[in-house]
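Asker: just to be clear, the model below is a prediction. Sequence and coordinates:
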Amino acid sequence: MPVATLKNRTTGADVTHLVSQYIKKGASANFITWIILGGKQFMDKEPVSTLDFVTAGNKGIPKLSVSNLAELMDVPMKDMATLLNISYKTLGRKKGTDVLDSLASSLSIEIANTFTKGLSVFEDPDKFNHWLQKGNRALNGKKPFELLNTPTGIKLVNQVLGRIEEGVYT
């Protein structure tokens, strides 16, 4: 699989197309998550294991990675700030290369992992984004997006995605 390098001004549509191609080719979830977070702009080398993401999260990921994720999820940065438990003003003051703290970085990586799983289940970013914004009976009517601000919520959303993937009615 060729290593992806993203231009500084890659659009969400470009990344979505790239991610869709890699999913069809059977790329690993770690590779897709790496692409979503900016490829080489996020981490110099393609991740070999999930531990590489732990290391990146501990060091802090650049704001650019969060911007890429927000664009793919079709949500404003104000909503991303809420998900990451950061004030919108603080996030807005950061430059693209400024790094986030380890907690916000880890949450960003987990949200990107969830987005990767959602893309593999729904095979269409628009359908997945719609699902994220729609109340879900398996979540007591809550929107999956509302739960992405905590590790426990992210885990629950991933469980529902797993059930959908297995064909279990939710």
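Answerer: Everything's here; your move.
Asker: tell me the centre residue of the chain?
Answerer: Against the mean C-alpha coordinate of the chain, by CA atoms, centre = their mean, the closest residue is Ala112 at 1.8 Å.
Asker: the lengthiest helix in the chain: how far from the chain's middle?
Answerer: In the chain, assigned by DSSP state H, the helix with the most residues is helix 102-122. On the basis of CA atoms, centre = their mean, to the nearest Å, helix 102-122 sits 4 Å off its chain's mean C-alpha point.
Asker: for the residue nearest to Ser106 when sequence neighbours are not counted, which residues are in contact?
Answerer: In space, Ser106 comes closest to Gly57 once its chain neighbours are excluded; the distance is 4.0 Å by CB to CB, 6 or more residues apart in numbering. No exception for glycine: its C-beta is placed from N, CA and C like everyone else's. Contact criterion CB atoms under 8 Å, 6 or more residues apart in numbering gives Ser102, Ser105, Ser106, Ser108, Ile109 as the residues in contact with Gly57.
Asker: cool, and Tyr88?
Answerer: When contacts are counted by CB under 8 Å, 6+ apart, Tyr88 touches Met77, Lys78, Ala81, Thr82.
Asker: how about low-confidence regions in the protein?
Answerer: Applying pLDDT under 70 to the predicted model, the residue ranges of the chain that meet it are 1-15, 169-170.
Asker: contacts for the helix or strand harbouring Ser65?
Answerer: Taking DSSP states H and E as the criterion, the element that holds Ser65 is helix 63-73. When contacts are taken as CB under 8 Å, 6+ apart, the neighbours of helix 63-73 outside the stretch itself are 10-12, 15-16, 19, 36-38, 41-42, 76-77, 79-80, 84, 91, 94-100, 104, 108, 111-112, 115, 125, 129, 132.
Asker: that helix to helix 102-122, inter-axis angle?
Answerer: Between the axis of helix 63-73 and that of helix 102-122 there is an angle of 30 degrees, by axes from the mean of the first three to the mean of the last three CA atoms, to 10 degrees.
Asker: buried stuff in whichever helix or strand comes after helix 63-73?
Answerer: Heading C-terminal from helix 63-73, the first helix or strand you meet, by DSSP H and E, is helix 77-83. For helix 77-83, burial by neighbour count (16 or more other CB atoms under 10 Å) applies to Met77, Asp79, Met80, Ala81, Thr82, Leu83.
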